[in-house]
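> Kindly generate the corresponding structure for this input.
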Amino acid sequence: MTEQVNNHTLSASGSQPDRQRRNLLRGAGLFGGGVLAGAVGAGGWLKLQASPDPAAQRVPFAGVHQAGVTTPTPQEAIFIAFDVLARDRKGLQETLQLLTRRIAFLTQGGPALVDAPKLPPPDSGLLGDTVSPDALTITVALGASLFDGRFGLQALRPRHLTAMPAFPNDALDAAWCDGDLLLQCCANSRETVIHAVRDIIKHCPDKLAARWKMDGFQPAAAVRHASTPINLFGFKDGTGNPTTSDKQQMDALVWVGDKDQEPAWARGGSYAVVRLIRFTMEQWDRTPLGEQQGIFGRDKHSGAPLGKKQEFDDPQFAADPHGQQVPLDSHMRRAEPRLHGRHDARLLRRSYSYSLGLTKSGQLDMGLVFVSFQANLQTGFIATQQRLNGEPLEEYIKPFGGGYFFALPGVEGNGWLGQSLLAAAG
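Take a look at the predicted model:
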(Lines give C-alpha, C1' and ligand atoms only; values in the text may rest on other atoms or scores of the structure.)
Protein backbone atom coordinates (compact mmCIF):
# COMPACT_ATOMS: atom_id res chain seq x y z
CA MET A 1 0.00 0.00 0.00
CA THR A 2 1.37 3.44 -0.91
CA GLU A 3 0.75 6.27 1.51
CA GLN A 4 -0.87 9.50 0.36
CA VAL A 5 1.65 12.22 -0.52
CA ASN A 6 -0.22 14.80 1.53
CA ASN A 7 0.46 12.84 4.70
CA HIS A 8 4.24 13.06 4.19
CA THR A 9 4.63 9.59 5.67
CA LEU A 10 7.36 7.01 5.46
CA SER A 11 5.87 3.54 5.35
CA ALA A 12 4.85 1.71 2.19
CA SER A 13 3.45 -1.30 3.99
CA GLY A 14 -0.04 -2.01 5.23
CA SER A 15 0.99 -4.39 7.99
CA GLN A 16 -0.34 -4.06 11.53
CA PRO A 17 3.05 -2.93 12.94
CA ASP A 18 3.22 -0.21 10.31
CA ARG A 19 -0.28 0.99 11.17
CA GLN A 20 0.74 1.11 14.81
CA ARG A 21 3.81 3.14 13.91
CA ARG A 22 1.72 5.52 11.84
CA ASN A 23 -0.62 6.04 14.76
CA LEU A 24 2.36 6.78 16.98
CA LEU A 25 3.67 9.33 14.49
CA ARG A 26 0.27 10.99 14.30
CA GLY A 27 0.34 11.35 18.06
CA ALA A 28 3.77 12.99 17.75
CA GLY A 29 2.34 15.65 15.41
CA LEU A 30 4.09 14.49 12.23
CA PHE A 31 0.98 14.34 10.07
CA GLY A 32 -1.13 17.06 8.54
CA GLY A 33 -1.43 19.43 11.50
CA GLY A 34 1.27 20.03 14.06
CA VAL A 35 4.52 20.52 12.15
CA LEU A 36 3.02 20.80 8.67
CA ALA A 37 0.45 23.43 9.52
CA GLY A 38 1.23 27.03 10.31
CA ALA A 39 4.47 27.43 8.34
CA VAL A 40 6.39 28.85 11.31
CA GLY A 41 9.66 30.59 10.39
CA ALA A 42 12.76 28.50 11.04
CA GLY A 43 14.29 30.87 13.58
CA GLY A 44 11.04 31.11 15.52
CA TRP A 45 10.59 27.36 15.52
CA LEU A 46 14.07 26.72 16.90
CA LYS A 47 13.45 29.29 19.61
CA LEU A 48 10.11 27.70 20.38
CA GLN A 49 11.63 24.23 20.46
CA ALA A 50 14.70 25.18 22.52
CA SER A 51 16.11 22.06 24.12
CA PRO A 52 19.27 21.20 26.08
CA ASP A 53 19.60 18.20 23.76
CA PRO A 54 20.73 19.30 20.26
CA ALA A 55 19.41 16.03 18.81
CA ALA A 56 15.88 17.13 19.75
CA GLN A 57 16.07 20.41 17.82
CA ARG A 58 13.49 20.40 15.05
CA VAL A 59 13.31 22.73 12.04
CA PRO A 60 9.89 22.88 10.34
CA PHE A 61 9.60 21.15 7.00
CA ALA A 62 6.57 23.10 5.77
CA GLY A 63 6.45 26.76 4.85
CA VAL A 64 6.45 29.29 2.04
CA HIS A 65 10.19 28.72 1.66
CA GLN A 66 12.31 25.62 2.11
CA ALA A 67 14.37 25.32 5.27
CA GLY A 68 18.15 25.36 4.97
CA VAL A 69 18.45 28.82 3.37
CA THR A 70 17.83 31.39 6.11
CA THR A 71 17.81 28.68 8.81
CA PRO A 72 20.71 28.90 11.32
CA THR A 73 23.72 27.01 9.92
CA PRO A 74 24.52 23.83 11.90
CA GLN A 75 27.90 22.18 12.09
CA GLU A 76 27.68 19.39 9.50
CA ALA A 77 26.61 19.26 5.86
CA ILE A 78 26.55 17.01 2.82
CA PHE A 79 26.00 18.34 -0.68
CA ILE A 80 25.03 15.66 -3.18
CA ALA A 81 23.95 16.09 -6.80
CA PHE A 82 21.91 13.54 -8.72
CA ASP A 83 20.83 12.76 -12.25
CA VAL A 84 17.09 12.05 -12.42
CA LEU A 85 16.31 8.64 -13.93
CA ALA A 86 12.63 9.29 -14.65
CA ARG A 87 11.68 8.99 -18.32
CA ASP A 88 8.64 11.26 -18.30
CA ARG A 89 6.87 13.93 -16.28
CA LYS A 90 4.86 11.38 -14.32
CA GLY A 91 8.08 9.71 -13.20
CA LEU A 92 9.53 13.07 -12.21
CA GLN A 93 6.42 13.81 -10.16
CA GLU A 94 6.71 10.47 -8.37
CA THR A 95 10.35 11.24 -7.61
CA LEU A 96 9.55 14.64 -6.11
CA GLN A 97 6.63 13.23 -4.12
CA LEU A 98 8.82 10.48 -2.68
CA LEU A 99 11.52 13.01 -1.79
CA THR A 100 8.88 15.10 -0.03
CA ARG A 101 7.77 12.15 2.11
CA ARG A 102 11.32 11.15 3.00
CA ILE A 103 12.43 14.69 3.86
CA ALA A 104 9.29 15.34 5.92
CA PHE A 105 9.99 12.28 8.06
CA LEU A 106 13.77 12.66 8.35
CA THR A 107 13.62 16.31 9.39
CA GLN A 108 10.88 15.80 11.98
CA GLY A 109 12.03 12.43 13.38
CA GLY A 110 10.27 9.42 14.82
CA PRO A 111 10.68 5.68 15.42
CA ALA A 112 12.99 3.97 12.94
CA LEU A 113 11.10 1.44 10.84
CA VAL A 114 11.71 -2.27 11.20
CA ASP A 115 10.60 -5.14 8.98
CA ALA A 116 10.80 -8.90 8.62
CA PRO A 117 14.27 -10.33 9.43
CA LYS A 118 14.56 -11.92 5.97
CA LEU A 119 14.16 -8.52 4.24
CA PRO A 120 16.70 -5.70 4.06
CA PRO A 121 16.12 -3.33 7.00
CA PRO A 122 14.09 -0.27 5.92
CA ASP A 123 16.39 1.91 8.05
CA SER A 124 20.18 1.79 8.23
CA GLY A 125 20.09 1.76 12.06
CA LEU A 126 22.82 4.43 12.19
CA LEU A 127 20.76 6.56 14.57
CA GLY A 128 19.41 3.66 16.62
CA ASP A 129 15.75 2.91 17.27
CA THR A 130 14.67 6.54 16.98
CA VAL A 131 15.47 8.97 14.18
CA SER A 132 16.18 12.24 15.99
CA PRO A 133 15.59 15.47 14.05
CA ASP A 134 18.93 16.97 15.16
CA ALA A 135 18.13 20.31 13.40
CA LEU A 136 18.26 18.48 10.07
CA THR A 137 17.29 20.42 6.96
CA ILE A 138 17.28 18.99 3.44
CA THR A 139 17.00 21.63 0.72
CA VAL A 140 16.09 20.52 -2.80
CA ALA A 141 17.30 22.48 -5.83
CA LEU A 142 17.05 21.81 -9.55
CA GLY A 143 19.79 22.16 -12.14
CA ALA A 144 19.44 23.58 -15.66
CA SER A 145 19.70 20.09 -17.17
CA LEU A 146 16.32 19.13 -15.69
CA PHE A 147 14.70 21.68 -18.00
CA ASP A 148 15.70 19.86 -21.19
CA GLY A 149 13.30 17.94 -23.44
CA ARG A 150 12.70 14.95 -21.15
CA PHE A 151 9.90 16.47 -19.11
CA GLY A 152 8.62 19.30 -21.29
CA LEU A 153 9.78 21.98 -18.86
CA GLN A 154 11.88 24.08 -21.23
CA ALA A 155 9.58 27.11 -21.17
CA LEU A 156 9.48 27.07 -17.35
CA ARG A 157 13.22 27.24 -16.70
CA PRO A 158 14.16 30.08 -14.33
CA ARG A 159 15.51 32.78 -16.59
CA HIS A 160 19.09 32.89 -15.21
CA LEU A 161 19.50 29.13 -14.70
CA THR A 162 22.27 27.63 -16.85
CA ALA A 163 25.12 25.19 -16.46
CA MET A 164 27.85 26.90 -14.45
CA PRO A 165 30.49 28.38 -16.79
CA ALA A 166 34.20 28.47 -16.01
CA PHE A 167 35.53 31.78 -14.71
CA PRO A 168 39.14 32.81 -15.49
CA ASN A 169 40.73 31.09 -12.45
CA ASP A 170 38.59 27.95 -12.60
CA ALA A 171 39.73 24.42 -13.45
CA LEU A 172 36.32 22.77 -13.59
CA ASP A 173 36.16 18.97 -13.57
CA ALA A 174 32.97 17.69 -15.23
CA ALA A 175 32.82 14.82 -12.71
CA TRP A 176 32.30 17.41 -9.96
CA CYS A 177 29.87 19.71 -11.77
CA ASP A 178 26.15 20.30 -12.27
CA GLY A 179 23.36 17.69 -11.98
CA ASP A 180 19.60 17.54 -12.43
CA LEU A 181 18.92 17.81 -8.70
CA LEU A 182 20.92 18.91 -5.66
CA LEU A 183 20.32 18.05 -2.02
CA GLN A 184 21.85 20.23 0.68
CA CYS A 185 21.65 18.25 3.94
CA CYS A 186 22.62 20.10 7.14
CA ALA A 187 22.41 18.97 10.77
CA ASN A 188 24.09 19.18 14.15
CA SER A 189 25.96 15.88 13.82
CA ARG A 190 27.76 13.99 11.06
CA GLU A 191 25.82 10.77 11.58
CA THR A 192 22.52 12.57 10.98
CA VAL A 193 23.45 13.88 7.54
CA ILE A 194 25.00 10.53 6.58
CA HIS A 195 21.84 8.74 7.71
CA ALA A 196 19.69 11.13 5.67
CA VAL A 197 21.70 10.66 2.46
CA ARG A 198 21.72 6.88 2.84
CA ASP A 199 17.98 6.88 3.46
CA ILE A 200 17.22 8.85 0.31
CA ILE A 201 19.54 6.78 -1.86
CA LYS A 202 18.01 3.59 -0.48
CA HIS A 203 14.47 4.70 -1.28
CA CYS A 204 15.26 6.15 -4.72
CA PRO A 205 17.47 3.56 -6.49
CA ASP A 206 15.35 3.66 -9.65
CA LYS A 207 14.74 7.40 -9.47
CA LEU A 208 18.07 9.10 -8.70
CA ALA A 209 21.68 8.36 -9.67
CA ALA A 210 24.33 10.10 -7.58
CA ARG A 211 26.63 12.35 -9.62
CA TRP A 212 28.95 13.97 -7.05
CA LYS A 213 29.06 14.45 -3.29
CA MET A 214 30.98 16.72 -0.94
CA ASP A 215 30.97 16.75 2.86
CA GLY A 216 31.28 20.06 4.70
CA PHE A 217 31.78 21.24 8.25
CA GLN A 218 31.59 24.43 10.30
CA PRO A 219 33.90 25.19 13.26
CA ALA A 220 32.24 23.90 16.41
CA ALA A 221 32.96 27.12 18.32
CA ALA A 222 31.23 29.25 15.67
CA VAL A 223 28.11 27.10 15.85
CA ARG A 224 28.08 27.08 19.66
CA HIS A 225 28.45 30.84 19.98
CA ALA A 226 26.58 31.85 16.79
CA SER A 227 29.68 33.73 15.67
CA THR A 228 31.17 34.18 12.20
CA PRO A 229 32.88 30.92 11.18
CA ILE A 230 36.62 30.83 10.46
CA ASN A 231 37.66 29.22 7.18
CA LEU A 232 40.69 26.99 6.63
CA PHE A 233 42.82 30.04 5.79
CA GLY A 234 42.16 31.18 9.38
CA PHE A 235 39.99 34.18 8.44
CA LYS A 236 36.40 34.89 9.39
CA ASP A 237 34.13 33.96 6.50
CA GLY A 238 30.75 35.65 6.02
CA THR A 239 31.09 38.84 8.06
CA GLY A 240 29.27 40.85 5.40
CA ASN A 241 26.20 38.61 5.28
CA PRO A 242 22.77 40.24 5.48
CA THR A 243 20.63 39.56 8.55
CA THR A 244 18.44 36.51 7.99
CA SER A 245 15.86 37.67 10.52
CA ASP A 246 15.17 40.79 8.43
CA LYS A 247 12.26 39.65 6.25
CA GLN A 248 12.33 42.74 4.05
CA GLN A 249 16.01 42.20 3.33
CA MET A 250 15.55 38.50 2.64
CA ASP A 251 12.67 39.26 0.25
CA ALA A 252 14.90 41.75 -1.55
CA LEU A 253 18.09 39.69 -1.74
CA VAL A 254 17.23 36.01 -1.39
CA TRP A 255 13.66 35.05 -2.27
CA VAL A 256 12.23 35.21 -5.78
CA GLY A 257 9.13 37.37 -5.96
CA ASP A 258 7.15 39.53 -8.37
CA LYS A 259 10.11 41.91 -8.65
CA ASP A 260 12.25 39.27 -10.38
CA GLN A 261 10.17 38.56 -13.50
CA GLU A 262 10.56 34.80 -13.07
CA PRO A 263 7.96 32.15 -13.97
CA ALA A 264 5.09 32.34 -11.48
CA TRP A 265 5.82 28.84 -10.13
CA ALA A 266 9.27 29.99 -8.91
CA ARG A 267 8.01 32.53 -6.36
CA GLY A 268 9.30 31.63 -2.93
CA GLY A 269 12.35 29.85 -4.34
CA SER A 270 15.94 31.04 -4.66
CA TYR A 271 18.93 30.57 -6.93
CA ALA A 272 21.53 28.37 -5.24
CA VAL A 273 25.21 28.48 -6.20
CA VAL A 274 27.66 25.82 -5.04
CA ARG A 275 31.36 26.26 -5.75
CA LEU A 276 33.91 23.63 -4.71
CA ILE A 277 37.13 25.57 -4.12
CA ARG A 278 40.44 23.88 -3.35
CA PHE A 279 42.88 25.84 -1.16
CA THR A 280 46.66 25.54 -1.58
CA MET A 281 47.17 25.21 2.15
CA GLU A 282 50.92 24.61 2.16
CA GLN A 283 51.59 27.74 0.09
CA TRP A 284 49.23 29.83 2.21
CA ASP A 285 50.84 28.69 5.46
CA ARG A 286 54.20 30.00 4.17
CA THR A 287 52.77 33.45 3.35
CA PRO A 288 53.61 36.33 5.76
CA LEU A 289 50.79 37.51 8.02
CA GLY A 290 50.79 41.04 6.63
CA GLU A 291 50.38 39.74 3.09
CA GLN A 292 47.56 37.41 4.16
CA GLN A 293 45.73 40.30 5.81
CA GLY A 294 46.22 42.52 2.77
CA ILE A 295 44.76 39.81 0.51
CA PHE A 296 41.59 39.61 2.62
CA GLY A 297 41.52 43.24 3.77
CA ARG A 298 40.88 42.18 7.34
CA ASP A 299 42.78 41.59 10.57
CA LYS A 300 43.24 37.85 10.96
CA HIS A 301 42.53 37.78 14.70
CA SER A 302 39.59 40.16 15.10
CA GLY A 303 38.13 40.06 11.59
CA ALA A 304 38.02 43.87 11.59
CA PRO A 305 38.62 45.78 8.34
CA LEU A 306 42.24 46.88 8.26
CA GLY A 307 42.58 50.11 10.21
CA LYS A 308 39.52 49.36 12.35
CA LYS A 309 39.09 47.54 15.66
CA GLN A 310 35.93 45.42 15.52
CA GLU A 311 34.72 42.79 13.03
CA PHE A 312 31.57 44.67 12.03
CA ASP A 313 33.09 48.17 11.92
CA ASP A 314 32.29 50.13 8.76
CA PRO A 315 35.45 50.04 6.57
CA GLN A 316 34.63 53.57 5.31
CA PHE A 317 35.96 52.94 1.83
CA ALA A 318 35.00 56.44 0.70
CA ALA A 319 37.54 57.84 3.18
CA ASP A 320 40.20 55.46 1.83
CA PRO A 321 39.97 56.06 -1.95
CA HIS A 322 43.52 54.91 -2.69
CA GLY A 323 43.45 51.77 -0.57
CA GLN A 324 46.01 52.86 1.99
CA GLN A 325 44.12 51.02 4.74
CA VAL A 326 42.15 48.33 2.88
CA PRO A 327 43.85 47.52 -0.46
CA LEU A 328 41.70 48.20 -3.51
CA ASP A 329 42.19 44.64 -4.75
CA SER A 330 41.55 42.95 -1.39
CA HIS A 331 38.89 40.27 -1.21
CA MET A 332 36.53 42.18 1.07
CA ARG A 333 36.73 45.38 -0.97
CA ARG A 334 36.11 43.67 -4.30
CA ALA A 335 33.37 41.41 -2.95
CA GLU A 336 31.43 44.32 -1.44
CA PRO A 337 32.83 47.67 -2.58
CA ARG A 338 29.92 49.55 -0.94
CA LEU A 339 29.45 51.81 -3.95
CA HIS A 340 25.70 51.69 -3.33
CA GLY A 341 25.66 51.15 0.44
CA ARG A 342 25.65 47.80 2.18
CA HIS A 343 25.16 44.52 0.32
CA ASP A 344 26.67 45.28 -3.06
CA ALA A 345 27.06 41.51 -2.94
CA ARG A 346 23.34 40.82 -3.28
CA LEU A 347 23.42 37.32 -1.87
CA LEU A 348 23.34 35.26 1.32
CA ARG A 349 26.39 33.10 1.97
CA ARG A 350 26.06 29.71 3.64
CA SER A 351 29.46 28.14 3.11
CA TYR A 352 31.22 25.15 4.66
CA SER A 353 34.82 23.94 4.78
CA TYR A 354 35.80 20.54 3.39
CA SER A 355 38.70 18.10 3.84
CA LEU A 356 39.06 15.21 1.37
CA GLY A 357 42.51 13.81 2.10
CA LEU A 358 45.44 14.34 -0.27
CA THR A 359 45.73 15.41 -3.89
CA LYS A 360 47.60 13.26 -6.42
CA SER A 361 50.65 15.45 -5.80
CA GLY A 362 50.55 14.71 -2.06
CA GLN A 363 49.19 18.05 -0.93
CA LEU A 364 46.31 18.59 1.48
CA ASP A 365 43.01 18.45 -0.41
CA MET A 366 41.10 21.01 1.64
CA GLY A 367 39.08 24.05 0.89
CA LEU A 368 35.65 25.64 0.81
CA VAL A 369 32.19 24.59 -0.28
CA PHE A 370 31.07 28.09 -1.20
CA VAL A 371 27.27 28.31 -1.09
CA SER A 372 25.13 31.33 -1.79
CA PHE A 373 21.42 31.95 -2.22
CA GLN A 374 20.07 34.91 -4.19
CA ALA A 375 16.87 36.08 -5.86
CA ASN A 376 18.78 37.10 -8.99
CA LEU A 377 21.74 35.02 -10.11
CA GLN A 378 23.09 37.77 -12.33
CA THR A 379 23.11 40.57 -9.76
CA GLY A 380 23.97 38.14 -6.94
CA PHE A 381 26.76 35.62 -7.42
CA ILE A 382 27.75 36.38 -11.02
CA ALA A 383 28.24 40.13 -10.49
CA THR A 384 30.17 39.41 -7.28
CA GLN A 385 32.41 36.84 -8.94
CA GLN A 386 33.13 39.19 -11.84
CA ARG A 387 34.36 41.79 -9.35
CA LEU A 388 36.61 39.14 -7.77
CA ASN A 389 38.17 37.97 -11.04
CA GLY A 390 41.93 38.63 -10.88
CA GLU A 391 42.05 39.24 -7.11
CA PRO A 392 45.35 38.32 -5.34
CA LEU A 393 43.56 35.50 -3.48
CA GLU A 394 43.40 33.57 -6.76
CA GLU A 395 47.03 32.54 -6.23
CA TYR A 396 45.86 30.34 -3.35
CA ILE A 397 42.52 28.96 -4.59
CA LYS A 398 41.31 26.80 -7.46
CA PRO A 399 37.56 26.26 -8.04
CA PHE A 400 37.01 22.81 -9.55
CA GLY A 401 33.31 21.96 -9.26
CA GLY A 402 29.78 22.78 -8.18
CA GLY A 403 26.98 24.30 -10.20
CA TYR A 404 24.03 26.63 -10.49
CA PHE A 405 20.71 25.36 -9.15
CA PHE A 406 17.27 26.69 -8.27
CA ALA A 407 15.97 25.92 -4.78
CA LEU A 408 12.30 25.04 -5.07
CA PRO A 409 9.60 26.98 -3.24
CA GLY A 410 8.50 25.48 0.06
CA VAL A 411 5.70 23.02 0.75
CA GLU A 412 2.45 24.32 2.17
CA GLY A 413 -0.59 22.43 3.38
CA ASN A 414 -0.85 19.06 1.64
CA GLY A 415 1.55 19.92 -1.16
CA TRP A 416 4.84 18.44 -2.31
CA LEU A 417 8.14 19.83 -3.52
CA GLY A 418 8.00 20.98 -7.14
CA GLN A 419 4.21 20.87 -7.30
CA SER A 420 3.92 24.42 -8.62
CA LEU A 421 6.40 23.66 -11.39
CA LEU A 422 4.64 20.54 -12.64
CA ALA A 423 1.23 22.18 -12.28
CA ALA A 424 2.45 25.02 -14.52
CA ALA A 425 3.59 22.42 -17.06
CA GLY A 426 0.01 21.13 -17.26
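> ok, and the closest non-adjacent residue to Met250?
Thr70 (5.8 Å; C-beta to C-beta, 6 or more residues apart in numbering). C-beta here means a position set from N, CA and C on the backbone, and glycine is covered the same way.
> Any figure for the gap between the one you found and Ser330?
When C-beta to C-beta, to the nearest Å is the yardstick, Thr70 and Ser330 sit 28 Å from each other.
> From the centre of the chain outward, give me the first residue you hit.
Among the residues of the chain, the one closest to the centroid is Gln184, at 4.4 Å (C-alpha atoms, centre = their mean).
> contact partners of stretch 418-426?
Here stretch 418-426 makes contact (C-beta atoms under 8 Å, 6 or more residues apart in numbering) with 89, 92-93, 96, 140, 142, 151-153, 156, 263-266, 408-409, 411.
> Of those residues, which belong to strands?
With DSSP state E as the criterion, strands contain 140, 142 from among these.
> quick one on the thing from earlier: ok, so what distance separates the residue nearest to Met250 from Thr243?
Taken as C-beta to C-beta, the spacing of Thr70 relative to Thr243 amounts to 10 Å.
> out of those two, which sits in the more crowded spot?
The neighbour count for Thr70 versus Thr243, taken as other C-beta atoms under 10 Å, is higher for Thr70 (24 against 10).
> for the residue lying closest to Gln261 once chain neighbours are set aside, what are its contacts?
The shortest distance from Gln261 to any non-neighbouring residue, by C-beta to C-beta, 6+ apart, is to Arg159 (7.1 Å). Going by C-beta under 8 Å, 6+ apart, Arg159 touches 261-263.
> Okay, strands next: where are they in the stretch 101-250 of the chain?
For the stretch 101-250 of the chain, the strands defined by DSSP state E, counting those that start in this stretch cover 110-111, 130-131, 137-143, 181-187, 208-217.
> and Gly403, which of those strands is closest to it?
Each of the strands of the stretch 101-250 of the chain was scored for nearness to Gly403 using C-beta to C-beta, and the closest is strand 137-143 (5.9 Å).
> Could you check how far Ala166 is from Tyr354?
20 Å.
> Looking at those two now, which is surrounded by more residues?
Neighbours were counted for Ala166 and for Tyr354 using other C-beta under 10 Å; Tyr354 has more, 21 against 10.
> Need the nearest residue in space to Asp344, chain neighbours excluded.
Asp344's closest residue in space is Glu336 (C-beta to C-beta, 6+ apart), at 4.8 Å.
> For the one you found, give its distance to Ala272.
Distance from Glu336 to Ala272, counting by C-beta to C-beta: 20 Å.
> ditto for Ile382
13 Å.
> Cool, thanks, signing off.
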